[in-house]
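task: produce atomic coordinates for the following.
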Amino acid sequence: MGWFFRALNSSIGKKFVMAVTGICLLLFLIIHLINNLTLYGGPEIFDTVVKNLESIKPLVRVIELVLVLIFVLHIFNGVRLWIENKKARPVGYKVNGSSENSDLFSRTMFVTGSIIFIFLVVHLRTFWVSFNLGHPLAAEHKYYQIVAEAFSDPLYSILYVAAMILLGFHLNHGFQSAFQTFGWNNKKYFPIIEKLGLIYTLVMVIGFASIPIYFLFFYGGNL
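Model (predicted):
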């Protein structure tokens, strides 16, 4: 097994792990967004979705542990690659050498990733902890109300939308980088990947950011 770990520890191995874990996180975000969009169905629908997940809690906990492992691998290898790139040259890894925008995205990946990580910690504290660790409303299965109360705070809603915009930059570059790692960076396929990455990014950013905007300006926090 020594050869396997040496391969994963190589520069190519780190990029491969980043690509695989990145794709897994991209897929997770799709599922997460679908679940979140049930908020537009009102309290009954959203609370039922969460209660259904509670009914399969052991499976959910296993999935959460797998997600934690994926996040750790993604962050750990991302930090190592960033350090290696800083030592090797002042300009970060490029997805497309002819694109100045891609170069900007690549140079800010560590920064956007760090901010997103901080937001993730706050986000988990706001919702995961509230849903799972004894919030009075969660005990009554009023999960929708927890969300509505959180997004009735203008500061939190603004920070959430800002984090989603930063996530968009991170996703757009990460989507392209992942497929480049798999060798899909030739002139025939890469323009398609760029368009798919942009579409995916817009759907994720607009989808997630629309939720705090809805609760803050349209739902009105009428609990």
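
any idea which helix is longest in this protein?
In the chain, ranked by residue count with DSSP state H as the criterion, the top helix is helix 57-88.

please pull out the lowest mean pLDDT helix or strand from this structure.
Least confident element among the helices and strands of the chain, by mean pLDDT, DSSP states H and E: helix 100-107 (a mean of 56).

tell me the first helix or strand C-terminal of it.
As assigned by DSSP states H and E, the chain's next helix or strand after helix 100-107 is helix 109-123.

mind giving me the packing neighbours of that next one?
Counting contacts by 3 or more CB pairs under 8 Å, 6 or more residues apart in numbering; DSSP states H and E, helix 109-123 packs against helix 57-88, helix 154-181. The way it works is simple: take the backbone N, C-alpha and C, and place the C-beta from them, glycine included.

in the longest one, what's buried?
Buried positions in helix 57-88, judged by neighbour count with 16 or more other CB atoms under 10 Å: I70, F71, L73, H74, I75, N77, G78, L81, W82, N85.

how far off centre is it?
12 Å (CA atoms, centre = their mean, to the nearest Å).

pLDDT of it, averaged?
In this model, helix 57-88 carries a mean pLDDT of 89.

again, but for stretch 141-149
For stretch 141-149, the per-residue pLDDT averages 95.

which residues sit against it?
For stretch 141-149, the surrounding residues in contact (CB atoms under 8 Å, 6 or more residues apart in numbering) are 39, 42-43, 46-47, 50-51, 127, 130-131, 135, 137-138, 211, 215, 219, 221, 223.

low-confidence ranges, the chain, go.
1, 3-4, 89-107, 220-223 (pLDDT under 70).
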